[in-house]
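sequence first, predicted coordinates after that:
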Amino acid sequence: MKLAIMQPYFFPYIGYFQLINAVDEFVFYDDVNFIKKGYINRNAILVNGDSYQFTLPLKKASQNKLINETEVALSKKWVDDFLKTLEYAYKNALHFKSVYNLVKDVLEDDSKTISQIAINSVIKVCGYLELTPYFRLSSRDYTNSKTLKKGDRLVAIAREAGRYNYINPIGGQKLYNKTYFNDRGINLNFLQSETIRYNQFQHRFVDSLSIIDVLMFNSKERTRSLLSNYQLV
């Protein structure tokens, strides 16, 4: 049985969903420190053929606060402006209507924290794509290991969950050592995404955008097939 643990990101890139699709249980790591200028509340969409970054406004964001303590500051104006940008950018995309409504539902939900709205965005996309992992929250379901740091906590969560195959994004190779995990009874693999390409109107392909972009241009079936474009190393 496979496990992944990740901070909640707002409509993250496709690799995040590849990770979800690769495991039986996915833990939202929401009781760790917020990362400024990271991807918890930021991402990018395609506007006029270029990457356009958007940032969800927050109240007094600080790296001294936990993710689940960091409140959003979404005004009606910000939501309306973002939805107008989304319509301008994608109104001619094949799957615009359904994806636009999905994003609108997330933004208009009564989420108080970045953790809540980010988790909601991920779960809504998974529902749309019919992905059915077992979702958990570290702040709710794995509190016994909260005082542990870095790899020690990941190992502790995996053990408590009874999942002895842990999968991490490829960037974790700089942080986590396979031998360290193996010595503690956990098999560690890293997910390496393969090249993903799809048509974005008639523009040159722009990669590393939010899952919003993928969904706008691809059917559910095509998107699910893209989720398998990875290797475990």
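Structure's in. What do you need? Residues are numbered from 1 along each chain as shown.

quick one: buried residues of stretch 168-183?
Using 16 or more other CB atoms under 10 Å as the burial criterion, the residues of stretch 168-183 that qualify are 168, 169, 170, 172, 176, 181. Every residue, glycine included, has its C-beta placed from N, CA and C.

show the average pLDDT along it.
In this model, stretch 168-183 carries a mean pLDDT of 96.

that one: how far from the chain's middle?
Between the mean C-alpha location of stretch 168-183 and the chain-wide mean there is a distance of 20 Å, by CA atoms, centre = their mean, to the nearest Å.

among the buried residues of stretch 168-183, which are in helices?
Judged by DSSP state H, the subset of the buried residues of stretch 168-183 located in helices is residue 181.

quick check, residue 3 in contact with residue 160.
No: under the criterion of CB atoms under 8 Å, residue 3 lies out of contact with residue 160, with a separation of 10.2 Å.

show me what contacts the closest residue to residue 219 other than its chain neighbours?
With CB to CB, 6 or more residues apart in numbering as the criterion, residue 219 has its nearest non-adjacent residue at 6.9 Å, and that residue is residue 95. The contact partners of residue 95, by CB atoms under 8 Å, 6 or more residues apart in numbering, come to 215, 216, 217, 218, 219.

what's the farthest-apart pair in those residues?
For the contacts of residue 95, the farthest-apart pair by CB to CB is 216 and 219; their separation is 10.9 Å.

more neighbours, those two?
Counted by other CB atoms under 10 Å, residue 216 and residue 219 do not tie: residue 216 has more neighbours, with 27 against 11.

contact partners for the more buried one?
Remark: with contacts taken as CB under 8 Å, 6+ apart, residue 216 is in contact with 90, 93, 94, 95, 96, 99.

any idea whether it is helix, strand or coil?
Three states are possible here, and by DSSP: H, G, I helix; E, B strand; the rest coil the one that applies to residue 216 is helix.

and residue 188, that one's in a strand?
Yes: when the secondary structure is assigned by three-state DSSP, residue 188 falls within a strand.

give the burial count for residue 208, as a bare number.
Residue 208 sits with 12 neighbouring residues when counted by other CB under 10 Å.

now do the contacts for it.
Contacts for residue 208 were tallied using CB under 8 Å, 6+ apart; they are 13, 44, 51.

who wins for most neighbours among those residues?
Comparing those on neighbour count, residue 13 comes out first with 21 neighbours (neighbours: other CB under 10 Å).

backbone torsions only: list them for that one.
For residue 13, the backbone dihedrals are phi -70, psi 170 (criterion: degrees, to the nearest 10).

for the residue nearest to it when sequence neighbours are not counted, give me the pLDDT.
With sequence-adjacent residues excluded and distances taken as CB to CB, 6+ apart, residue 13 is closest to residue 208, at 6.0 Å. Note on residue 208: pLDDT of 95.

how near is residue 208 to residue 176?
Noted for residue 208: a distance of 23 Å to residue 176, by CB to CB, to the nearest Å.
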